[in-house]
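Engineer: What follows is a predicted protein model with its sequence.
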Amino acid sequence: MLVAAAVCPAPPLLVPEVAAGAAAELGDARTACSDALAVLAASRPDLLVVVGPTDPDHAGPYPQGARGGFRGFGVESDVRLGEGEEGPRLLPPSLAVGAWLLGRARWGSAPVEGLGVAEGLDTGECLEAGRRLATREARVALLVMGDGSACRTLKAPGYLDERAAAFDAAAAAALGAADTTALTALDAGLAAELMAAGRAPWQVLAGAASDAGLGGRLLYEDAPYGVGYFVAAWS
């Protein structure tokens, strides 16, 4: 059963070494992520799963000990999902950022695994994946990585789309209220058009939390670089 969840943005720019001179710009987001992860630790889960968006070739489970890093962003730093033997697959960027967040947090001794979710996965499959995760152990926690739209400004990765602000507002409200119905209702087609990579992981969370009765708090909401970033804690 799901007992807690933290929702965090997934840009590698969260890692100060990657952001370099711009590291301070996401300082508040990092602080909020730390606060959300403290909620996970306090829930004393039997299993923590880091869920993040990726391309179809890198979707699927990643075992404890799986490694990743940010060499593709010019930084020679490695991360791992907890302790364990290294697997043959490298973590996709979203899960690597999640592993980095866990590495700087005061995390407990629960096993840590990863799940890469294809960004185009349909809503029904996302919900079913979440329901399966929630049954893995008596006490399951999720660290859910993902961004909102990438179309909030003219300089955003997807340029300006007038629909982006409303989409992000709906997502932020749903995440802050732990509203699984509203998360389920997020339109996958619109999310794809707005380059909102968090849609599929958020709907995995909705499936996992459907019968959990959790409450939520929105800890951070902003759109630096024209991309919607949210941090929320559910418990």
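Structural biologist: Ah, there it is. Nothing here was measured: the structure is a model prediction, and the numbers come from that model.

Engineer: Could you use CA atoms for every contact and neighbour count after this?
Structural biologist: Fine.

Engineer: didn't Phe167 look like it was pressed against Ser149?
Structural biologist: Yes: between Phe167 and Ser149 there is a contact under Cα atoms under 8 Å: 7.4 Å.

Engineer: For the protein, which helix extends over the most residues?
Structural biologist: For the chain, the longest helix by residue count, based on DSSP state H, is helix 27-42.

Engineer: Can you name the element that comes right after that one?
Structural biologist: Downstream of helix 27-42, the next assigned helix or strand under DSSP states H and E is strand 47-54.

Engineer: what lines up beside that following strand in the sheet?
Structural biologist: strand 112-118 (parallel), strand 140-145 (parallel) (DSSP bridges).

Engineer: by how many degrees do the shortest one and helix 27-42 diverge?
Structural biologist: Between the axes of strand 140-145 and helix 27-42, defined by axes from the mean of the first three to the mean of the last three Cα atoms, to 10 degrees, the angle is 170 degrees.

Engineer: Mind giving me the packing neighbours of the helix or strand that strand 140-145 is followed by?
Structural biologist: With elements assigned by DSSP H and E, the helix or strand that comes after strand 140-145 is helix 164-177. Here helix 164-177 is seen to pack against helix 180-184, strand 216-222, strand 229-234 when contacts are counted using 3 or more Cα pairs under 8 Å, 6 or more residues apart in numbering; DSSP states H and E.

Engineer: so which of these is the most packed in?
Structural biologist: Mean neighbour count (mean count of other Cα atoms under 10 Å) peaks for strand 229-234 among the helices and strands packed on helix 164-177, with a mean of 27.

Engineer: Which strands or helices does that one pack on?
Structural biologist: Using 3+ Cα pairs under 8 Å, 6+ apart: strand 229-234 touches strand 2-8, helix 27-42, helix 164-177, strand 216-222.

Engineer: Nearest to His58 among the ones you listed would be which one?
Structural biologist: Taking Cα to Cα, strand 2-8 is the member of those nearest to His58, at 19.9 Å.

Engineer: Tell me the bridge partners for the residue nearest in space to the middle of the chain.
Structural biologist: With distances taken as Cα atoms, centre = their mean, the residue of the chain nearest its centroid is Met145 (0.9 Å). According to DSSP bridges, the residues that bridge with Met145 are Cys8.

Engineer: was I right about it contacting Pro53?
Structural biologist: Yes: Met145 is within contact range of Pro53, at 7.2 Å (criterion: Cα under 8 Å).

Engineer: Excluding sequence neighbours, find me the nearest residue to Glu17.
Structural biologist: Spatial nearest neighbour of Glu17, excluding adjacent residues (Cα to Cα, 6 or more residues apart in numbering): Val75 at 6.7 Å.

Engineer: Over to that neighbour: give its phi and psi.
Structural biologist: Backbone torsions of Val75, given as degrees, to the nearest 10, read phi -120, psi 120.
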